[in-house]
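In: What follows is a predicted structure for the sequence shown.
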Amino acid sequence: VAMHLAGRLATTNQSIRRRIFFHERRGCLTGKFATGCGVVKNRPVLCLALMPPYKDFLVCGLSTQLQQAVPDFDEVLKPGEADYSSTGLKAASVIRLGYLAVLPRSEFKGRIGSVSKARLDRLRMKLSDFLRP
């Protein structure tokens, strides 16, 4: 029994380490995400943080609808920018900080790329400043 539990614990720890590593790589993913009209679709998202206690992911949506970008809040990723090619996106997209969800790992279909650490830090700071009273 002890051996079985130790094996399960090791597997769980490996899973958590993978999630943390994955998150630290500033992952752009595809996952089940509700649209504005409530329809759940596989959408590209950006992982912003791991949430306690279950290590679910705080994500924001990505959209090719550039007109939805909120000035001085959202960021637009365009071809030619330093980290655009690493995102795995196929077209210019807006990172929508106002389009948030907390999703368990089971909702993700796959990793498509990543953004730069500088961009992720900037986005987190914008969101943090917005939430601060």
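Out: Yes, it's here.

In: which residue ranges form the helices in the chain?
Out: Counting by DSSP state H, the chain has helices at residues 2-24, 84-87, 117-131.

In: Going by mean pLDDT, which of those helices comes out lowest?
Out: Here those differ in mean pLDDT, and the lowest is helix 2-24 at a mean of 40.

In: what about residue 85, how many neighbours?
Out: Neighbouring residues of residue 85 were enumerated by other C-beta atoms under 10 Å; the total is 11. For glycine as for every other residue, the C-beta is placed from the backbone atoms N, C-alpha and C.

In: switch to numbering from 45
Out: Yes, from this point I'll number from 45; that puts the last item at residue 129.

In: Look up how far residue 144 lies from it.
Out: Using C-beta to C-beta, to the nearest Å, residue 129 is found at 26 Å from residue 144.

In: Geometrically speaking, which residue is the centre of this protein?
Out: Against the mean C-alpha coordinate of the chain, by C-alpha atoms, centre = their mean, the closest residue is residue 91 at 1.8 Å.

In: Verify the contact between residue 156 and residue 72 for me.
Out: Yes. Counting by C-beta atoms under 8 Å, residue 72 is a contact partner of residue 156 at 5.0 Å.

In: neighbour count winner among those two?
Out: Relative neighbour count places residue 72 above the other of residue 156 and residue 72, with 23 against 17, counting by other C-beta under 10 Å.

In: my read: that one touches residue 159, true?
Out: Yes. The pair formed by residue 72 and residue 159 meets the contact definition of C-beta under 8 Å, at 6.6 Å.

In: list residues touching both of these two?
Out: Where contact means C-beta atoms under 8 Å, 6 or more residues apart in numbering, the residues bridging residue 72 and residue 159 through contact with each are 90, 131.
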